[in-house]
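>>> starting from these lines, generate the structure:
(2 chains)
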Amino acid sequence: MVAEYGVKYAVHIITNHFGDLVAKVCDCLLRRGPLTRQNIKRYTELSDEQVKNALLVLIQQNCVQAFSTEQPGTFGDAPKVNTQYAVLFDNILHRLRFAKFLTIVSQEFDKQCGELLQGLLEHGRLTLKQMFDRAKASQQEGNLVVLDSVREILLKLVTAHYVERCPAPEPLLMPTNEEENPARKRGPKSAKKNEESETIEQQVIAAAVPMEAMRFSVVTEMEFDDGGEGKEKSKNRMIPGEKRKHHFLESDDCGAGDEQTVLYRANFEEFIRHLRHKACIDNVRERLDDGAASVLSAMLEATRSAEKKVKTKNSVPLSLSSIYEEVIKSEAGRNMTLDHVRASLVQLGQPPFVKGSSDSYSIEFEKIIEIAQNDEVESIVLKRYGRDAYRIFRLLSKAGRLLETDKISDTTFVEKKDAPKVLYKLWKDGYLHMESFVISVLVPENNFTSMYFVKIWLLKKLVVAGARQSQFLLWKVNKHILWEHVLDEMFHAALNLSLRVACELDQEKELLNLPADKRTGALQDRYNRLRKVRILMESSQMKLDDSIMLFHDF
Amino acid sequence: MSKRKRPDSNTPADALTEHEHIIYDVIRSKQDMGIWTRDMKRELQTNIPDNIVTKSLKSLQAKKLIKEVVNIQNKGRKHFMAVEFKPSKEISGGAWYVEGNLDTDFIKVVKDQCIKHINRLKVATLEGITDSIKRSGVFKDDLTKQQIEEIVRALVLDDEILEVKSNGSGEFANIPVGKICYKSMSRGSSGGGPKLQGLASVPCGVCPQINLCTPDGIISPKTCVYYTKWLDF
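Reported below is the predicted structural model:
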């Protein structure tokens, strides 16, 4: 389930982009999970038409995915098929990353690719025909050249996986509960099962996504006025899709309709993967040096195609020679010797950013991301609670187990009387987990001392008559809970930033509407201030979003 | 103190009253741990009235047989120890404490020295650092390896230095494989903590009232004073 401020932030984004009605539907789906249209109507108290339009907008913008489930019919009735709508929280957040996505494409490709992607980001999904029309509208040159080049540009982006075919409009979601769960239970670890269990949204996405070959294909020989050839092509492409049942839905659409109906959209997954790689490289560069970053970058390049999902734990192994081959391909790595690469790999071995064993090296994504996440949380602790708290937090975070107050103050050189205060503050704000132990020593008359160790949870009072009690407090960083807490604070901060930007701009609305030549003296000063405010806040939004990605998407 | 006892105050230990004897024995039996007065009263075999206990303690102090020491665990408690013992680590807080307070100046000097020596050595084992500091002769009393270890660990927590394991090659050539070493931070990071990341760089990241802040509440981003201060150009 998405955290409270995650929902608020997402709804805020949708309100800004598509208005209150759409946001209301979105809010309802975010809080209640997938619903049928009837139920959305019921909960939002909107009219059928309003719900329908809101859903259409959200689907067009890839923020909602429809799916159908089959309910077994009663008393010999035919099974009933229900259409439900699932909101895609991640895709809503991606809306604020469009600038980042565009930068990636404009750095890698030419301006035209950027323009085509911009169209896709603005409109959510487009057919080749629509892309062509857009290009034609913005450019007044010969039609034929434009049509060919649009197809070529699209092909470039699709080959790089930055653009994909839209998923099936309404895949059928098979009930998994009864049949698959017993099989899963036999798995070795229950923890593993939990990790792998998918949310409905994830299942829907998985069911809707086309086959790899289909997903990244452009019907190149297609002509708009020559339906026959195109049809044949698409029929050819249906063959690999037959393995997956849900795929029939889409391929039927494809075969029956015109090629003009094949919709494309930006593939957010690939962009996020790109940003994840970039974050890894930046992190390694900061901790180690440019050489290590170049080696990692080359390894990422070489193993990228083997990555199946964004949150890959580690890359496929590479040999030293293949790493070197890749390193010298890049400009930064061209002057690196084999020895230098070997030394960088050794450097990368601690803490294992790259794990190496007998001439095979693989990237430990999880470790790199984990360290970056630690840095982020530690920097918050340092800024909010000071250096003593920072040292204490790092001790507990590294230890990963319960430590006693005294031990903590000894190891971190924090005054005995100050340590509990710092610890308490961190605990109160949800940064630490605390357990309290009470040791009761019974001292009866006959000098016979018996000792009871009683573990109690905090705030539970234990009364042992006639006993002396010493209370010990134990502390620990519970990363799982803390990370969620931090992410929620990030969503909260992002929402606040966005609200404040809007507020600042709103206050100076008149000033902004003033023509440039009328802004003189004090007005010009105010205008300059507003400009600085905007730059600072918008760059902070981008940086904060990097952190959100680090905790949510990577 | 009563008049009757005054002539006795300069005489040796055997000239103690019966009560003083009992109390002295209990305190002395605790050796370098000493004892808190309330614990002592509980341990006394015979019931001695409180005023007698207080009197006896004063008298024993005057006779220089016991001393009051600061117990680091609980500074408010009256804690006594026989004069011949030095307070144990549990009571005094250890080498880094002076009269019950953390000796921050001294700790800072040792930290700075450790960083200096690690920077010079580039990669160093604990023994290497201890040796290097010993040879420099900066400190009057030599620091033990354990003391240096405590400081070095704290420096790791400060993010001033890195703890790494030797792999026996390159910069670790002189260090056995698997041995823990300490390294100065590489040029990329400034040391002494992470750079300000996303959340910590905006007012909300350090806001003490974030939990009370809502879009249209009394505390709200639109009226937030921290933001106003942040955006004051």
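
>>> buried stuff in the helix or strand bottoming out on mean pLDDT in chain B?
Across the helices and strands of chain B, mean confidence by mean pLDDT, DSSP states H and E is lowest for helix B:89-92: a mean of 74. By neighbour count with 16 or more other CB atoms under 10 Å in any protein chain shown, helix B:89-92 contains the buried residues B:91, B:92. In this view, the C-beta of every residue, glycine as well, is placed from N, C-alpha and C.

>>> residue contacts, the residue in chain A positioned nearest to chain B?
At 3.0 Å from chain B, residue A:547 is the closest residue in chain A, using CB to the nearest CB. By CB atoms under 8 Å, 6 or more residues apart in numbering or on different chains, the contact set of residue A:547 is A:376, A:490, B:197, B:198, B:199.

>>> okay, who's weakest in those residues by pLDDT?
Within the set of the contacts of residue A:547, pLDDT is lowest for residue B:197 (73).

>>> ok, that one to chain A distance?
4 Å (CB to the nearest CB, to the nearest Å).

>>> name the nearest residue to residue 17, ignoring sequence neighbours.
Chain wasn't specified; assuming chain A. Leaving aside its sequence neighbours, residue A:17 sits nearest to residue A:95 (CB to CB, 6 or more residues apart in numbering or on different chains; 6.5 Å).

>>> could you do chain B instead?
residue B:56 (7.0 Å).

>>> cool, and residue B:81?
Nearest non-adjacent residue to residue B:81, counting by CB to CB, 6+ apart: residue B:34, 3.3 Å away.

>>> neighbours of that neighbour, just the number please.
Using other CB atoms under 10 Å in any protein chain shown, residue B:34 has 25 other residues around it.

>>> quick one: pLDDT of it?
85.

>>> ok, it touching residue B:83?
No: counting by CB atoms under 8 Å, residue B:34 does not reach residue B:83; the two are 10.9 Å apart.

>>> where do the helices sit along chain B?
Applying DSSP state H to chain B gives helices spanning B:18-29, B:37-43, B:50-62, B:89-92, B:104-121, B:126-136, B:145-157, B:225-230.

>>> below-threshold pLDDT in the chain: ranges please.
I'll assume chain A. A:1, A:139-146, A:175-197, A:219-259, A:440-469 (pLDDT under 70).

>>> was after chain B, sorry
B:1-14, B:45, B:93, B:186-196.

>>> in it, what residue comes closest to chain A?
Closest point on chain B to chain A, by CB to the nearest CB, is residue B:198, at 3.0 Å.

>>> what's the closest non-adjacent residue to that residue?
That would be residue A:547: by CB to CB, 6+ apart, it lies 3.0 Å from residue B:198.

>>> any idea which helix or strand carries that neighbour?
Using DSSP states H and E, residue A:547 maps to helix A:522-552.

>>> chain center to that helix, what's the gap?
22 Å (CA atoms, centre = their mean, to the nearest Å).

>>> quick one: buried residues of it?
Going by 16+ other CB under 10 Å, helix A:522-552 has these buried residues: A:527, A:529-530, A:533, A:536-537, A:540-541, A:543-552.

>>> residues touching the closest residue to residue B:162 other than its chain neighbours, list them.
Distance criterion CB to CB, 6+ apart; nearest residue to residue B:162, sequence neighbours excluded, is residue B:183 at 4.5 Å. Listed by CB under 8 Å, 6+ apart, the contact set of residue B:183 reads B:118, B:122, B:123, B:124, B:161, B:162, B:163, B:164.

>>> which among these gets closest to residue A:125?
Ranked by distance to residue A:125 (CB to CB), those are led by residue B:162 at 48.7 Å.

>>> for the closest one, give me its contacts.
B:156, B:182, B:183, B:184, B:185 are the contacts of residue B:162 under CB under 8 Å, 6+ apart.

>>> how does it look with 7 Å?
Contact partners of residue B:162, counting by CB atoms under 7 Å, 6 or more residues apart in numbering or on different chains, are B:182, B:183, B:185.

>>> same check, this time on residue A:489
B:199, B:210.

>>> what sits up against whichever helix or strand residue A:321 is part of?
In this assignment (DSSP H and E), residue A:321 forms part of helix A:320-327. Contacts to helix A:320-327, defined as CB under 7 Å, 6+ apart, come from residues A:294-295, A:298-299, A:301-302, A:333, A:336, A:338, A:341-342, A:359, A:361.

>>> what of stretch A:374-385?
Outside stretch A:374-385, the residues touching it (CB under 7 Å, 6+ apart) are A:389-390, A:393-394, A:397, A:422, A:425-426, A:431, A:482, A:486, A:547, A:550, B:193-194, B:196-200, B:205-206.

>>> so where do the strands sit in the stretch 1-150 of chain A?
A:35-36, A:64-71, A:80-87, A:126-127 (DSSP state E, counting those that start in this stretch).

>>> now render these as CSV, adding distance to residue B:27 and mean neighbour count.
Listed next are these as CSV, based on distance: least, CB to CB, whole Å; neighbours: other CB atoms under 10 Å in any protein chain shown:
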stretch, distance to residue B:27, mean neighbour count
strand A:35-36, 76, 16
strand A:64-71, 78, 19
strand A:80-87, 73, 18
strand A:126-127, 89, 19
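
>>> nearest approach to residue A:315 belongs to which of these?
strand A:64-71 (29.4 Å).

>>> quick one on the thing from earlier: next, work out how far apart the residue nearest to residue B:198 and residue A:123 are.
Computed as CB to CB, to the nearest Å, the residue A:547 to residue A:123 distance reads 29 Å.

>>> picking up where we left off before, which among the contacts of residue B:183 count as buried?
Buried among those by 16+ other CB under 10 Å: B:118, B:123, B:124, B:161, B:162, B:163, B:164.

>>> quick revisit: quick one: the least confident helix or strand of chain B near chain A?
No: interface with chain A: helix B:89-92 contributes nothing (CB under 7 Å from any CB of the partner chain), its closest point being 9.1 Å away.

>>> what's that helix in contact with?
For helix B:89-92, using CB under 7 Å, 6+ apart, the contacting residues are B:33, B:34, B:69, B:71, B:72.

>>> distance of the second one from residue A:439?
Separation of residue B:34 from residue A:439 (CB to CB): 20 Å.

>>> so what's the nearest residue to residue A:412 once chain neighbours are set aside up against?
Spatial nearest neighbour of residue A:412, chain neighbours left out: residue A:391 (4.4 Å); criterion: CB to CB, 6+ apart. Applying CB under 7 Å, 6+ apart to residue A:391 gives the contacts A:412, B:154, B:157, B:158.

>>> list just the nearest of the residues you listed to residue A:200.
Of the contacts of residue A:391, the one sitting nearest to residue A:200 (CB to CB) turns out to be residue B:157, at 43.1 Å.

>>> distance of that closest one from residue B:111?
11 Å.

>>> equivalent analysis for residue A:509, please.
54 Å.

>>> those two: who's more crowded?
Each of residue A:509 and residue B:111 has its neighbours counted (other CB under 10 Å); residue B:111 has more, 18 against 8.

>>> if we can go back for a sec, okay, the contacts of helix B:89-92 in a markdown table with distance to residue A:45 next?
Shown next, in a markdown table, are the contacts of helix B:89-92 (distance: CB to CB, whole Å):
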| residue | distance to residue A:45 |
| --- | --- |
| B:33 | 73 |
| B:34 | 74 |
| B:69 | 74 |
| B:71 | 67 |
| B:72 | 65 |
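
>>> and the nearest residue to residue A:495 once chain neighbours are set aside, how many neighbours?
Among residues not flanking residue A:495 along the chain, residue A:9 sits closest, at 4.5 Å (CB to CB, 6+ apart). Residues near residue A:9, counting by other CB under 10 Å, number 26.

>>> touching, residue A:9 and residue A:491? I think so.
Yes: Residue A:9 lies in contact with residue A:491 (CB atoms under 7 Å); the separation is 4.4 Å.
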